[in-house]
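Q: I would like to see how this sequence folds:
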Amino acid sequence: MALMMRNAPLGEPLTLDQVKLHLRLDGAGEDTLLASLILTSRLHIEAALGLALISQGWRLVLDAWPADGALALPISPVQGIEEIRVRDRDGNSAVVSADDYELAAAGRPQRLVRRGAGWPPPGRPVAGIEIDLVAGFGTTAEDVPAPIRQALMLLVAHWYEHRDPFEIGAPQTHVPGAVSRLLGPYRPVRL
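A: The predicted structure follows:
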């Protein structure tokens with residue numbers, strides 16, 4: 001299974017002005033650094049939680065369908081499935097009709113479930129299935145839950161204050177406890 005970004009989000013959950021206000025900074029001298037910290041903090045939180053914060057396009061590539069017919073999606077919240085393609089032996093693709101599956105959006109992980117008979121088998125042993133989807137809480141920063149935006153702000157501030165070179169595993173590399181606590185409700189539950 002491979003997950004590849006097709007379309008990056010059109011914005012960030014925090015603006016440069018919001019971060020500068022939080023850090024009590026004036027002027028534009030740190031703007032490039034702050035923009036970088038906003039981006040890397042968002043990417044860190046998304047990767048740690050399996051989330052997409054602002055709407056973005058993804059492609060999930062599979063070798064085969066799961067035996068039980070329900071595919072657990074590795075990113076959430078999924079807003080919708082754009083298209084599912086199954087490739088034959090020669091690499092030609094056939095689109096699976098949207099009437100033949102549904103997105104089970106409740107809970108985490110969200111699942112893609114086939115209606116009726118089984119999924120059409122791919123003709124290739126590797127990368128025979130492609131699923132294009134859109135994931136994210138919405139298109140604007142206000143769509144992202146406030147606790148996640150606050151955790152993002154605290155992480156940006158932490159990395160702004162601790163930007164000296166240091167050894168991996170040193171106390172400065174750990175995510176502050178307040179960030180982890182704010183993100184706790186958004187962590188996937190594993191049994």
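
Q: contacts and neighbour counts: CA atoms only from here.
A: Fine.

Q: any idea what A72 is bridged to?
A: Using DSSP bridges, the bridge partners assigned to A72 are R111.

Q: that one: neighbour count?
A: Residues contacting A72 under the criterion other Cα atoms under 10 Å number 14.

Q: hmm, it is touching A105, no?
A: No. Taking contacts as Cα atoms under 8 Å, A72 lies outside contact range of A105: 10.5 Å.

Q: residues in contact with Q110?
A: A72, L73, S76, P77, V78, L103, A104 (Cα atoms under 8 Å, 6 or more residues apart in numbering).

Q: what of A94?
A: Here A94 is in contact with R85, V86, R87, D88 (Cα under 8 Å, 6+ apart).

Q: my guess is it is in a helix, correct?
A: No. Secondary structure of A94, determined by DSSP: H, G, I helix; E, B strand; the rest coil: strand, with no helix assignment.

Q: tell me the bridge partners for it.
A: On the basis of DSSP bridges, A94 is bridged to V86.

Q: what about Q150, helix or strand, and which?
A: Per DSSP states H and E: Q150 is located in helix 146-161.

Q: which secondary structure elements does that helix contact?
A: Other elements packing on helix 146-161 under the criterion 3 or more Cα pairs under 8 Å, 6 or more residues apart in numbering; DSSP states H and E are helix 16-23, helix 31-49, helix 177-183.

Q: possible to save the ones you listed as a markdown table with distance to L62, mean pLDDT and mean neighbour count?
A: Putting the helices and strands packed on helix 146-161 into a markdown table (distance: least, Cα to Cα, whole Å; pLDDT from 0 to 100; neighbours: other Cα atoms under 10 Å) gives the following:
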| stretch | distance to L62 | mean pLDDT | mean neighbour count |
| --- | --- | --- | --- |
| helix 16-23 | 38 | 97 | 15 |
| helix 31-49 | 20 | 95 | 16 |
| helix 177-183 | 29 | 93 | 15 |
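
Q: now these in JSON lines, with distance to V134?
A: Putting these into JSON lines (distance: least, Cα to Cα, whole Å) gives the following:
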{"stretch": "helix 16-23", "distance to V134": "26"}
{"stretch": "helix 31-49", "distance to V134": "14"}
{"stretch": "helix 177-183", "distance to V134": "22"}
